[in-house]
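Engineer: Got a predicted structure plus its sequence, pasted below:
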Amino acid sequence: MRENIIKYLSNFDLDVRKSQDARFMDQKCAPDVVCFIADSIINTIDIDKEFAVSNIWDAQYFIKNARAIFNKPLPTNPKARHEYDKFIQQPLRMLAYAHVLEIEKRSGTNYYRVANLDILDYIAQRERNTYNFLYCYLQKVLSDSGIIRYFEAFKEKCLQGKATNADFQELKSRYDRFVIGHTAINTEVEAHRIFSKILNVYAVENQINGTEKGHMSKYVFTFSDLMYNRKNWRDLNKDKSITRQEAQEQQDVEQQEAYNAYYVQKAMKLLRKIQIESEVHDQWGNGEATQIHHIFPKSQFPQLAHYLENLIKLTATQHYTLAHPSNRTQQINRDYQLTCLLAKADTVETSLKAVGEKYYRKESFVYVINTGLATHLSTNLQFKDIKSSLIQIP
């Protein structure tokens, strides 16, 4: 899918020196936020019509899930208006600069239309997809704007183990001068907020140091470090009768449950969309495939519940007679679990050959297997070897 994104972006000149648009990236444009906003567009907007921030803001889908996933106040709270305006508007502006959306400003309001539904849908599916898009997009912006060489020079020093804080400050200073010289941004403080979002995506891709709290990070930046939805326990509104540790644990559980519920439903909806027939081709697979089955049960493996690679589409007979013996949904037929894993391996392999990593990743499928079966399969295995290994596992 990266190839498709790069090909689409090649149709446009994203040079900031020409556009003078400072909002090609912004503080709220973390992978999980952009993914959620793209998902909200897909689920709340008529894609053939224009829309504004308010159309997303007022949608029940956004109201429910924004609070559940990001632990924010209700969007209907007037005091949250400024925060939510940035939370929605900044990703929309970035997507418009990338020509995934079209933008038109009338009477002080930005109106948007979907320009590339395929890429928007890809972004909306999961944060990893959003990250892939952001990297391709930022690489294009930096290249067109003539400043990619400064990032590449910093990368080389990091890879050589020679990067110092002075090298980091030099890169940040060059970026500041570029942005202040070519856009409406006129303070280093504002420039720094955007710089961190750009460098950190670049850092994850190249496995180098990023930036934290205005300084070069001590360690190589990771994918999870990019997320907006990182815990900040100072913001806990905790009951004074419970300890800070208890408050943390309570919020952690509630937040995780809401997060899981959203992503499980999202993954199940995607599987219903892309898979028509049962994925298991046995004598019970000829009926209508109406059931989404967790190969490794949600109750035992909540960390796998939202993985598309752990979901398989079955007929009602396959689900309630074979996957769950005698319709006992709390029980798993281990033999049929193997059958499902072998069938899912075929689904993942076929999808990867047809559309690349648009829906599935081999690494994620292997992670699901290793977690569910407590094994250690390598992601370097070919699919035929993965299936052979599955059959041999006791």
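Structural biologist: Yes, it's here. This one's a predicted model, so the numbers in the text were calculated from it and none came from an experiment.
Engineer: What are the contacting residues of stretch 166-177?
Structural biologist: 147, 150-151, 153-154, 157, 188, 191-192, 195, 198-199, 209, 211, 215-216 (C-beta atoms under 8 Å, 6 or more residues apart in numbering). C-beta here means a position set from N, CA and C on the backbone, and glycine is covered the same way.
Engineer: Swap in 6 Å and give it another go.
Structural biologist: 150, 154, 157, 188, 191, 195, 216 (C-beta atoms under 6 Å, 6 or more residues apart in numbering).
Engineer: again with stretch 8-21
Structural biologist: Contacts of stretch 8-21 (C-beta under 6 Å, 6+ apart): 99, 140-141, 144-145, 182-183.
Engineer: 8 Å - rerun?
Structural biologist: 22, 24, 97-99, 116, 119, 136-137, 140-141, 144-146, 178-179, 182-184.
Engineer: Produce a ChimeraX select command limited to the buried residues of those residues.
Structural biologist: Of those, the buried ones can be selected in ChimeraX as follows, counting by 16 or more other C-beta atoms under 10 Å:
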select :22,24,97,98,99,116,119,136,137,140,141,144,145,178,179,182,183
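Engineer: Sort out which of the contacts of stretch 8-21 are in helices and list them.
Structural biologist: Per DSSP state H, helices hold the following members of the contacts of stretch 8-21: 97, 119, 136-137, 140-141, 144, 178-179, 182.
Engineer: What is the burial count for the closest residue to D85 other than its chain neighbours?
Structural biologist: Excluding the flanking residues, the one nearest D85 by C-beta to C-beta, 6 or more residues apart in numbering is V53, at 6.3 Å. Residues within reach of V53, counting by other C-beta atoms under 10 Å, total 19.
Engineer: Then the one 5 residues further on?
Structural biologist: With neighbours defined by other C-beta under 10 Å, the count for D58 comes to 12.
Engineer: Averaged pLDDT, stretch 63-79. What do you get?
Structural biologist: If you average the pLDDT over stretch 63-79, you get 75.
Engineer: Would you mind pulling up the elements that the helix or strand containing K387 packs against?
Structural biologist: K387 is part of helix 383-392 when elements are defined by DSSP states H and E. With contacts taken as 3 or more C-beta pairs under 8 Å, 6 or more residues apart in numbering; DSSP states H and E, helix 383-392 sits against helix 334-355, helix 362-373.
Engineer: Among these, which comes closest to I63?
Structural biologist: Nearest to I63, of all the helices and strands packed on helix 383-392, is helix 362-373, at 30.0 Å by C-beta to C-beta.
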